[in-house]
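Participant: take a look and give me a structure for this.
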Amino acid sequence: MSGVAAFEAYAAFYDALYRDKDYAGECDVLERIFERFAVPPVRQILDVGCGTGGHAIVLASRGYAVTGVDRSGQMLAVARAKDHPRALNVRFEEADIRSWRGGRTWDAVLAMFAVLSYQVDHDDVAAVIETVRMHLAPQGLFVFDIWFGPGVLTEPPSERTKEMREHGHEITRYASPHLDLVRQTVEVDYIITDVNGERMVRRVRETHRMRFFFPHELDLLLRAGGFRLVHLCPFGQLDEPVRVATWNVTVVAQAV
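Facilitator: Next comes the predicted model:
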């Protein structure tokens, strides 16, 4: 992901903060996408920006051969440490997805949880799309989700606090966003505190820059990278239309 040090300190808290994320349900939707749009059937999956392996491990448990790639060694360390059967066909590789070359192709490539939105510059977006296209045979699927411009502008991001408790620790994340209309980005300042009783265990700060996209812009970027846009829907709602207030969308593109 673009952005210096993104997810380096954040990695230690990532799974705790997103423990309510329904990876199994999201993978159900991915399998529906494979069934509806894939030619030929999907058996081998490349997961770029795989993070702590939430999707990769679930999909591998369902019989897919999965390769996950991420630039954050800290996030991958969490993924590799997860308790899962050794028989699962899943492996993780540390690399920058803008320049990584795997030397082969997969049936489908995933970029989940707004990986493409972390590519805020045109060159970075184009580089990731190029990487994906190089690792797909013709008609292979590229499935990803992004921040959707109409929704971001209709309901602009606001300051938020998320709190949770784990093993006696009280973890709090403060998010302070700053919208840049011209660059189509939101810069989110995160402060995360870890308190055990009255003792401050750790306090970390990271800034994540996110880009939001509009439909025609997305179509042009995909066409330039060797894809055609085949489906656009609200995140996780395959049969629903996108609306002006939709913040996150799932995108299905096919290599040509």
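
Participant: confirm I33 sits in a helix?
Facilitator: Yes - judged by DSSP: H, G, I helix; E, B strand; the rest coil, I33 forms part of a helix.

Participant: so who does it touch?
Facilitator: Residues near I33 by CB atoms under 8 Å, 6 or more residues apart in numbering: 141, 143, 231, 238, 250, 252. The way it works is simple: take the backbone N, C-alpha and C, and place the C-beta from them, glycine included.

Participant: chain center to whichever strand or helix holds L59: distance?
Facilitator: Counting by DSSP states H and E, the element that carries L59 is helix 54-61. Distance, stretch centre to chain centre, for helix 54-61: 14 Å (CA atoms, centre = their mean, to the nearest Å).

Participant: that older thread, any chance of the contacts of I33 in TSV, plus distance to D47?
Facilitator: Converted to TSV, the contacts of I33 look like this (distance: CB to CB, whole Å):
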residue	distance to D47
L141	13
V143	10
H231	19
L238	19
T250	15
V252	16
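
Participant: in the helix holding L59, which residues are buried?
Facilitator: Of the residues in helix 54-61, 54-61 count as buried by neighbour count, 16 or more other CB atoms under 10 Å.

Participant: can you tell me how far G149 is from E155?
Facilitator: Using CB to CB, to the nearest Å, G149 is found at 12 Å from E155.

Participant: higher neighbour count, these two?
Facilitator: Taking other CB atoms under 10 Å, G149 and E155 do not tie; G149 has more neighbours (19 against 12).

Participant: just among the contacts of I33, which is most surrounded?
Facilitator: These, ranked by neighbours (other CB under 10 Å): first place L141, 25 neighbours.

Participant: that one - nearest residue in space that isn't next to it in sequence?
Facilitator: A108 (4.4 Å; CB to CB, 6 or more residues apart in numbering).

Participant: quick one: average pLDDT of stretch 124-142?
Facilitator: Per-residue pLDDT over stretch 124-142 has a mean of 97.

Participant: distance between the ends of it?
Facilitator: End-to-end distance of stretch 124-142: 17 Å, with CA to CA, to the nearest Å as the criterion.

Participant: buried residues in it?
Facilitator: Of the residues in stretch 124-142, 124-125, 127-129, 131-136, 140-142 count as buried by neighbour count, 16+ other CB under 10 Å.

Participant: returning to that earlier point: and the contacts of I33, which of them are in strands?
Facilitator: Mapping those onto strands (DSSP state E) picks out 141, 143, 231, 250, 252.

Participant: verify the contact between the last one and L141 for me.
Facilitator: Translated: V252. Yes - the pair V252 / L141 is scored as a contact, 6.5 Å apart, by CB atoms under 8 Å.
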